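**Student:** got a sequence here, can you model it:
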Amino acid sequence: MPLCDYRYVFVVTYARSGSTLLQSLLNSVEGVQIRGENQNALFHLFRSCTALRDAAGRGRAGRQVARDMPWFGAGSIKPQKYIAGVLDRFVSLALCPDPSVKVTGFKEIRYIPFHMKNDEFDHYMDFLLEHFPDARIIFNSRNAEAVSRSGWHVQEDPVRLMESVRQSDARFAAYAVKSEQVRHMFYDEYVADHSHIRRMFEFLDLPFDEGSVEAVFAKPLIHAKKG
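**Tutor:** Numbering: from 1, shown residues only. I've put the predicted structure just below:
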């Protein structure tokens, strides 16, 4: 079962926060393969898992066994088997780990309030930590004003954008204090002082190679240059 064959790291953030740099740093470690964005595909699967779990509960509680009942058949849904099957297929067909991979996952930027409400965010984080073996979440934050001046963001309303960033950072911070499986990283800190990356690697139980890390920092990101 592919789901149980790996450890998992999820980078949770917003656009222009330095998430591709974090992805590159993690991928500098042998046996680690952190994929890029996937349009929040796993979040949508999480919603389907939540919906079926709710439907199954309604079907069983209301004894929906007659063909003319609104939740007919819902009691036969097997939500836990559905969740296991869906996540197994997500790993094998969406993450597609290479044969040598031991740690996989992805980074995603679609976590601002526009994409999911606070309660959805918390439940989704719970879902990741519950269903992915030995999962770790890395929250990534950056100065809101710097984000507003980066890349395509210069064309947006800076006040609205910075408020969205601050709201996202606040819920990152609030969730981080609830779980030992979460670490909150700050772009300006780890760019200025690479020892923060060393401590992140220790948190993830990954070997730290200073030469590989410095090589990543020294290499300009192609998409950043285009931006």
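
**Student:** helices of the chain, residue ranges please.
**Tutor:** Secondary structure of the chain by DSSP state H: the helices cover 19-27, 41-61, 79-90, 118-131, 144-148, 158-176, 187-192, 195-203, 210-218, 222-226.

**Student:** any idea how far Phe121 is from Arg166?
**Tutor:** 15 Å (C-beta to C-beta, to the nearest Å). Placement of C-beta: from N, CA and C, glycine included.

**Student:** pick out whichever of the two has more residues nearby.
**Tutor:** Phe121 (21 against 11; other C-beta atoms under 10 Å).

**Student:** skipping adjacent residues, who's closest to that one in space?
**Tutor:** The shortest distance from Phe121 to any residue other than its chain neighbours is 5.8 Å, reached at Arg171 (C-beta to C-beta, 6 or more residues apart in numbering).

**Student:** thought that neighbour was touching Asn118?
**Tutor:** Yes. In this structure Arg171 lies within contact range of Asn118 using C-beta atoms under 8 Å: 5.8 Å.

**Student:** out of these two, which sits in the more crowded spot?
**Tutor:** Higher neighbour count among Arg171 and Asn118: Arg171, with 19 against 13, using other C-beta under 10 Å.

**Student:** residue contacts, Arg35?
**Tutor:** Ala94, Leu95, Thr104, Gly105, Phe106, Lys107 (C-beta atoms under 8 Å, 6 or more residues apart in numbering).

**Student:** so for stretch 146-155, mean pLDDT?
**Tutor:** Mean pLDDT, stretch 146-155: 66.

**Student:** just stretch 192-202 next, same as before
**Tutor:** For stretch 192-202, mean pLDDT rounds to 97.

**Student:** and stretch 92-102, by the same measure?
**Tutor:** On average, the pLDDT along stretch 92-102 is 97.

**Student:** and it, what's buried?
**Tutor:** Residues of stretch 92-102 classed as buried: Leu95, Pro97, Val101 (neighbour count, 16 or more other C-beta atoms under 10 Å).

**Student:** now Phe43. Nearest residue, chain neighbours left out?
**Tutor:** Distances taken as C-beta to C-beta, 6+ apart put Tyr124 closest to Phe43, at 6.0 Å, once the chain neighbours are dropped.

**Student:** just the pLDDT at the one you found, thanks.
**Tutor:** At Tyr124, the pLDDT value in this model is 98.

**Student:** how close does it sit to Arg47?
**Tutor:** The gap separating Tyr124 from Arg47 is 9 Å, by C-beta to C-beta.

**Student:** the more surrounded of those two?
**Tutor:** A direct count of neighbours by other C-beta under 10 Å for Tyr124 and Arg47 places Tyr124 higher, at 19 against 16.

**Student:** now do the contacts for that one.
**Tutor:** For Tyr124, the contact set (C-beta under 8 Å, 6+ apart) comprises Phe43, Phe46, Met116.

**Student:** how far away is the first one from Pro220?
**Tutor:** Noted for Phe43: a distance of 31 Å to Pro220, by C-beta to C-beta.

**Student:** neighbour count: the two, which is higher?
**Tutor:** Set side by side, Phe43 and Pro220 show more neighbours around Phe43, with 19 against 7, by other C-beta under 10 Å.

**Student:** before we move on, back to that, contacts only, for the residue nearest to Phe121.
**Tutor:** By C-beta under 8 Å, 6+ apart, the neighbours of Arg171 are Asn118, Phe121, Asp122.

**Student:** a markdown table for these, including distance to Asp88?
**Tutor:** Below are these laid out as a markdown table (distance: C-beta to C-beta, whole Å):
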| residue | distance to Asp88 |
| --- | --- |
| Asn118 | 29 |
| Phe121 | 24 |
| Asp122 | 24 |
